[in-house]
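# any chance you could fold what I've pasted below:
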Amino acid sequence: MDILLSHGYFIAEDEHEQKIMKPYPPLGLLYIASHLKAKGFAVDVYDSTFASLADFAGYVQRTRPGLVGLYGNLMTKFNVLTMITLCREIGATVILGGPEPASYAAEYLAAGAHIIVSGEGELTLEELIPHLARHGLQGLDSIQGIAFLRDDGQLVQTLPRPLIQDLSAQPWPDREAIPMARYLETWKRHHGLSSVSLITARGCPYTCTWCSHSVFGHTHRRRTPQDVAEEVAWIKATYNPDQLWYADDVFTIAPRWFLEYAGELRQRGLRLPFECISRADRLTRPVIDALAEMGCYRLWIGSESGSQRILDAMKRKADVADVQAKSKMLQAQGIEVGMFIMLGYEGEEIEDLVATVDHLQKSNPDIFLTTVAYPIKGTQYYEAVSEKVISHLAWEARSDRDLGVAGRYSRRFYDHATRWMVSEVNLSKARQAGSRDWLRMAKLYANARRGWWGMQRTRHEREELAPTGSGRGWTTPERAADGW
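Numbering: from 1, shown residues only. Down below sits the predicted model:
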């Protein structure tokens, strides 16, 4: 083989995912595989999702690839570091890509990687593979979009590589290189239905300060509606899934394109239930009607906060009242609303959390998920708080739970805040629905009070800088579409 491609995600290593069991294939890696195969390279893909590190170790020992490309992100960091060592032990040259490695090129190179690819990986690997075959690790300066160490240990980062403009000219992800049946069966066994993911575009042009654009940049590049509809037809004919997951950051970002795409599906008689992510300001009445016609059963909105002050600080370019109005419009069409809520953004106070609860009560989403803000290196948010990022562990030993931002409320505070928020909103939902489950409502009320008073007890606890802090932050789990 010319290259072995793999990634560091193992369900067996993820206790949280073992409870959820909604795995999707690594689309970015599969796009790399299909591109390289179309260019005549011999590519092997080791899909680690249902394997173990021991399985991967055995595989590379048996096949002994000379060149290995690994996809990495925050969730898979520890596994990737182990995989680097396993590949180095059999003499392989190791290339890393994905959302996180480029931001920590020096650290990953010091851990044993030979080359870090930044941005999209297709064109870079197309040039890099034959170069390594002819020249080894010499003369890498001329290759755009990579980082490496010179013999004297100096870090070199070459010029960025231009992004792919014609996405419809790219082959679809190489799903046939992995055990797709295992993904479908896992979904079916745990949830009674099967699901397949796809993306229609790359990149997001919005300015949210906390969001990473390390792979696809601030551009937005779309495939043609016809190309996407043909892929959906192929997915249905090949796998016949019960539903789809459009993994775009903002699925309805271009209403004209979206309505044309809906027309392409209609002409082909394709209607598969699906869920997706979008923004409230990109939802119009025609778009919402088309979503319902196409089979959308749940749309996720990155609401992030109910405080307009915090949204403006995030440069979210979103309006709280608009999110509430669009949520009701979606639900009136039978589409469930999911929301992402971010706690702990710089400058957030209790009154902002109160505004968020009020917002959730008015929006009444069918489901919402919360996270505490983490500074992602390379973002405006990271730059704003970089002097206050706390880490008590060395880079190679820490996870996202080991980070803090000096000056914001403590972890204990946000544990209480989450309990209060979830209980308060669910209690409101039960009341709006006219529930007579008094025991459940009493428990929700008690949990809400417990969370509220816990917040009051810990409101004076703030994260503090420590002498052992490294001053470095690293990214939260990225969206499924991001990265190779």
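
# okay, now the residue lying closest to residue 12 once chain neighbours are set aside: neighbour count?
The shortest distance from residue 12 to any non-neighbouring residue, by Cβ to Cβ, 6 or more residues apart in numbering, is to residue 52 (5.2 Å). The way it works is simple: take the backbone N, C-alpha and C, and place the C-beta from them, glycine included. With neighbours defined by other Cβ atoms under 10 Å, the count for residue 52 comes to 14.

# ok, residue 52 - contacts?
Under the criterion of Cβ atoms under 8 Å, 6 or more residues apart in numbering, the neighbours of residue 52 are 10, 12-13.

# show me which of the residues you listed are buried.
Under a neighbour-count criterion of 16 or more other Cβ atoms under 10 Å, the subset of those counted as buried comprises 10, 13.

# out of the contacts of residue 52, who's nearest residue 38?
Nearest to residue 38, judged by Cβ to Cβ, of these is residue 10 at 28.7 Å.

# how much space separates that closest one from residue 187?
Residue 10 is 18 Å from residue 187, where distance means Cβ to Cβ, to the nearest Å.

# what's the answer for residue 220, then?
Between residue 220 and residue 187 the computed distance is 29 Å (Cβ to Cβ).

# quick one: which of those two has more around it?
Comparing residue 220 with residue 187 by neighbour count (other Cβ under 10 Å), the higher total belongs to residue 187, at 21 against 17.

# in three-state terms, how would the more buried one be classified?
The three-state label for residue 187, taken from DSSP: H, G, I helix; E, B strand; the rest coil, comes out as helix.

# ok, now which ones touch it?
By Cβ under 8 Å, 6+ apart, the contact set of residue 187 is 21-23, 193-195.

# what about residue 263, helix or strand, and which?
Counting by DSSP states H and E, the element that carries residue 263 is helix 255-268.

# so which elements touch the helix or strand following that helix?
Next in sequence after helix 255-268, counting helices and strands by DSSP H and E, comes strand 274-278. For strand 274-278, the elements it packs on are strand 243-246, strand 296-304, judged by 3 or more Cβ pairs under 8 Å, 6 or more residues apart in numbering; DSSP states H and E.

# contacts for strand 274-278, please.
Outside strand 274-278, the residues that touch it by Cβ under 8 Å, 6+ apart are 243-253, 294-302, 338, 479.

# and for stretch 136-146?
93, 114-120, 123-124, 127-128, 131, 148, 156-162.

# could you redo the last one with a cut-off of 7 Å?
If you take Cβ atoms under 7 Å, 6 or more residues apart in numbering as the criterion, stretch 136-146 is touched by 114-119, 124, 127-128, 131, 148, 156, 158-161.

# so for it, mean pLDDT?
Stretch 136-146 carries an average pLDDT of 97.

# how about it: buried residues?
Of the residues in stretch 136-146, those buried (16+ other Cβ under 10 Å) are 140, 143, 145-146.

# the residue nearest to residue 29 when sequence neighbours are not counted pairs with what?
The spatially closest residue to residue 29, leaving aside those adjacent along the chain, is residue 71, at 5.0 Å (Cβ to Cβ, 6+ apart). Beta-bridge pairing of residue 71 under DSSP bridges involves residue 7, residue 97.

# what's the distance between residue 71 and residue 28?
Using Cβ to Cβ, residue 71 is found at 7 Å from residue 28.

# and of the contacts of stretch 136-146, the nearest to residue 346?
For these, the residue nearest residue 346 by Cβ to Cβ is residue 118; the value is 26.5 Å.

# each with direction, which strands does the one helix or strand in the chain whose mean pLDDT sits lowest pair with?
With mean pLDDT, DSSP states H and E as the measure, the helix or strand of the chain carrying the lowest mean pLDDT is strand 403-405 (a mean of 81). Sheet partners assigned to strand 403-405 using DSSP bridges are listed as strand 389-391 (antiparallel).

# so what's the nearest residue to residue 361 once chain neighbours are set aside scoring on pLDDT?
In space, and not counting its chain neighbours, residue 361 is closest to residue 428: 4.4 Å by Cβ to Cβ, 6+ apart. The score at residue 428 is 95. That number is its pLDDT.

# over to residue 218?
With respect to pLDDT, residue 218 scores 84.

# hang on, it packs against residue 205?
Yes - using Cβ atoms under 7 Å, residue 218 and residue 205 qualify as a contacting pair, with a distance of 5.6 Å.

# show me where the stretch 151-300 of the chain has strands.
Listed in chain order, the strands of the stretch 151-300 of the chain (DSSP state E, counting those that start in this stretch) span residues 155-157, 195-198, 201-202, 221-222, 243-246, 274-278, 296-304.

# and stretch 188-203, how far apart are its ends?
End-to-end distance for stretch 188-203, by Cα to Cα, to the nearest Å: 31 Å.

# in it, what counts as buried?
Applying a neighbour-count criterion of 16+ other Cβ under 10 Å, the buried positions in stretch 188-203 are 194-203.

# least confident pick among these?
Minimum confidence in those sits at residue 203, scoring 92.

# that one: what's it in contact with?
216-221.

# tell me the domain boundaries of this protein?
The record, using automatic domain parsing to delimit domains, assigns the chain the ranges 3-157, 193-373+478-484.

# closest to residue 167 out of those domains?
Relative to residue 167, the nearest member of the domains of the chain by Cβ to Cβ is domain 193-373+478-484, separated by 4.6 Å.

# how far is stretch 335-352 from where the chain is centred?
A distance of 18 Å separates the centroid of the chain from that of stretch 335-352, by Cα atoms, centre = their mean, to the nearest Å.

# end to end on that stretch, go ahead and measure it.
28 Å.

# got the buried residues for that stretch?
Buried residues in stretch 335-352, counted by 16+ other Cβ under 10 Å: 335-339, 341-346, 348, 352.

# which other residues reach that stretch?
Everything outside stretch 335-352 that qualifies as a contact, by Cβ under 7 Å, 6+ apart, is 291-292, 296-305, 307, 309-310, 313-314, 327, 330-331, 356, 363, 365-373, 384-385, 408-409, 414, 417, 455, 459.
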